[in-house]
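# Quick one: sequence plus predicted model below, questions after.
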Amino acid sequence: DTAVSQTPKYLVTQMGNDKSIKCEQNLGHDTMYWYKQDSKKFLKIMFSYNNKELIINETVPNRFSPKSPDKAHLNLHINSLELGDSAVYFCASSGGVTDTQYFGPGTRLTVL
Amino acid sequence: DAKTTQPNSMESNEEEPVHLPCNHSTISGTDYIHWYRQLPSQGPEYVIHGLTSNVNNRMASLAIAEDRKSSTLILHRATLRDAAVYYCILSPRTSYGKLTFGQGTILTVHP
């Protein structure tokens, strides 16, 4: 069983569209994260939720909105997609905010 | 966030030990030293972490300098599967899990 899963794996879309990426973890963890890895391969944290509450909200355009319907899921919705949003997005989870993070396989988003 | 400095790349031969260095001269007392790696086309994977003492696990060993201003990740016998980007990350207990990834060290393992 995959511990942290993301769907879709690939997402190709036009500028201006709205899209969502879903993340699920079956590890029973309380904390979930979204990271973005750009074309230069730098990984940056975007958001973190602990027990469904937002605890990290880095400087991210408000077109990006995370939603945590329950502790096992953290979805990322992106409005009005721009070319610069093209990247690989990784979801991660940890048992607590100081614990080891387990990453998903990533979603490669391409905005045309 | 305290900064880490790693070599851009290193090479090793299969079955040989690999020592991956990391400098973190501005480390604070509450900063944990984490190592993650990212295999090609995969998400990052936890390797090891420590605070002050050396640490061992099934994947690697972490040697932390006495002044904590540097650390070394040791892979005892490199395999082809260990070829990855290795990230040394400082994270204080108060960071709410925020990991700040640098550019890491690209490890190439030759057969």
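Right, received. Where do you want to start?
# Show me what from chain A comes close to chain B.
A:4, A:31, A:33, A:41-45, A:48, A:50, A:55-56, A:90, A:92, A:94, A:96-106 (Cβ under 8 Å from any Cβ of the partner chain). Using the backbone N, CA and C atoms, a C-beta is placed for each residue, glycine as well.
# Mind doing that once more with 6 Å?
For chain A, the residues in contact with chain B (Cβ under 6 Å from any Cβ of the partner chain) are A:31, A:43, A:45, A:48, A:55-56, A:90, A:94, A:97-98, A:100, A:103-106.
# Can I get the buried ones among those as something I can paste into PyMOL?
Selection of buried members from these for PyMOL, criterion 16 or more other Cβ atoms under 10 Å in any protein chain shown:
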select buried, chain A and resi 31+43+45+48+56+90+94+97+98+100+103+104+105+106
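# How many residues are close by the residue of chain B found nearest chain A?
Chain A sits closest to B:Gly43 of chain B, with a gap of 3.2 Å, by Cβ to the nearest Cβ. Residues lying near B:Gly43 (other Cβ atoms under 10 Å in any protein chain shown) number 22.
# Double-check that B:Glu15 belongs to a helix.
No - assessed with DSSP: H, G, I helix; E, B strand; the rest coil, B:Glu15 is coil; it does not lie in a helix.
# contacting residues for it?
B:Arg77 (Cβ atoms under 6 Å, 6 or more residues apart in numbering or on different chains).
# ditto for A:Tyr102
If you count contacts by Cβ under 6 Å, 6+ apart, then A:Tyr102 has A:Ala3, A:Val4, A:Ser93 around it.
# can you do 8 Å?
A:Ala3, A:Val4, A:Gln25, A:Leu27, A:His29, A:Ala92, A:Ser93, A:Ser94, B:Tyr46 (Cβ atoms under 8 Å, 6 or more residues apart in numbering or on different chains).
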